[in-house]
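Need coordinates for the below:
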Amino acid sequence: MKNKMNKFTKAIAVLMLSVVAMIMSGCKPVEPDDGGNDNGQNDTIVDNSGNLNGHDYVDLGLPSGTLWASCNVGADHPGDRGVFFAWGETEPKGVYDWKSYKYGDCVNDCYVLNKYCTNSIFGFNGFVDSLTLLEPVDDAVRANWGEGWRMPTREECEELYQKTTWEWTTLDGVEGRLLTGRNGNSIFLPATGFYLDGELICTGLGIYWSSSLQTDCQVAGWSLHFDYENCHVCGTYERARGQCVRAVRVCQ
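Here you go, the predicted structure:
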């Protein structure tokens, strides 16, 4: 009986020492695993969705914290196409071609650029400015929605593609993709098509400009592209084409 009491007393002593050690070292009990669905905010989902300048933005729980607008620039509802822009231009127009393009031309099948050029082969009289990202003055989002908004970069488009689930669906009779983040929030990107010259074509495609220049092909900008089968980020679309834009919120 004495031996049993000694063992019990020792066990209590060891337990008390363990508790004291945990307190002294600042240890905390291990929290249960929530499956990683924490929006990057420890064990609590934080929704930073809101409104700026009359435009809603949605927190999709992206690792970077990037907040995406709920509608295209020029649209009143998520299913609206909105307006179209050439890359680097801030106003829509009737014809989208190289003759009307603000920062270049195509003469005798040769491209001539006067801004956003890193290769003298494409530059007017060898012009190079080494700019690879649209300046605020050439950002269609900033020009139309004001400070606090901008066009997404190629990297932000890739994150959106990789870190959300994409479902082909219909919203208010409009086909497109529903993108859902790991926190359960969603945005809808309508299939927009694009303008070539004065004609809207390929309306079963969704093609959205980023603010990033395709440096391997100076005449193109990077775009987020999708249809009912595939989604990817593509850098083959000529800057003079008219495409839609989805904004991102600038976080301080």
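
CA atoms for contacts and neighbours, from now on please.
OK.

Now residue 76. Nearest residue, chain neighbours left out?
Leaving aside its sequence neighbours, residue 76 sits nearest to residue 82 (CA to CA, 6 or more residues apart in numbering; 7.7 Å).

Go ahead and confirm the one you found touches residue 72.
Yes. The criterion here is CA atoms under 8 Å, and residue 82 meets it with residue 72 at 5.5 Å.

can you pull the contacts of the residue nearest to residue 76?
Applying CA atoms under 8 Å, 6 or more residues apart in numbering, we find residue 82 in contact with 72, 73, 74, 75, 76, 244.

Then residue 235?
Applying CA under 8 Å, 6+ apart to residue 235 gives the contacts 214, 220, 221, 222, 223.

Also residue 237?
Residues in contact with residue 237 (CA under 8 Å, 6+ apart) are 220, 221, 222, 223.

Quick one: low-confidence residue ranges for the stretch 151-252 of the chain.
252 (pLDDT under 70).

I figured residue 220 hits residue 212, correct?
No. The criterion here is CA under 8 Å, and residue 220 misses it with residue 212 at 9.3 Å.

between the two, who's got more neighbours?
Between residue 220 and residue 212, counted using other CA atoms under 10 Å, residue 212 has the larger neighbour count: 23 against 20.

didn't that one look like it was pressed against residue 222?
Yes. Between residue 212 and residue 222 there is a contact under CA under 8 Å: 5.7 Å.

if I look at the two, which residues touch both of them?
residue 154.

returning to what we had before: got a winner among the contacts of residue 82 for most neighbours?
residue 244 (28 neighbours).

Near the residue lying closest to that residue once chain neighbours are set aside, how many other residues are there?
Leaving out its chain neighbours, the residue that sits closest to residue 244 by CA to CA, 6+ apart is residue 84, at 4.7 Å. Neighbour count for residue 84, taken as other CA under 10 Å: 29.

For residue 84, give its distance to residue 233.
Residue 84 sits at a distance of 19 Å from residue 233 (criterion: CA to CA, to the nearest Å).

and if you look at residue 133?
Using CA to CA, we find residue 133 at a distance of 16 Å from residue 233.

is it true that residue 120 touches residue 114?
No. The criterion here is CA under 8 Å, and residue 120 misses it with residue 114 at 10.3 Å.

intersection of neighbour lists for these two?
Common contact partners of residue 120 and residue 114 (CA under 8 Å, 6+ apart): residue 127.

For the stretch 51-200 of the chain, which segments count as helices?
140-145, 154-162 (DSSP state H, counting those that start in this stretch).

Counting by contacts, list what the longest one packs against.
Helix 154-162 makes packing contacts with strand 206-213, strand 220-226, strand 231-238 when contacts are defined by 3 or more CA pairs under 8 Å, 6 or more residues apart in numbering; DSSP states H and E.

Could you find the closest non-adjacent residue to residue 195?
Leaving aside its sequence neighbours, residue 195 sits nearest to residue 242 (CA to CA, 6+ apart; 4.6 Å).

so what's residue 118 up against?
Taking CA under 8 Å, 6+ apart, we find residue 118 in contact with 128, 129, 130, 131, 132, 215, 218.

Name only those of these that count as buried.
128, 132, 215, 218 (16 or more other CA atoms under 10 Å).

can you name the two of these that are farthest apart?
Pairwise distances across the buried ones among the contacts of residue 118 peak at 12.1 Å for 128 and 215 (criterion: CA to CA).
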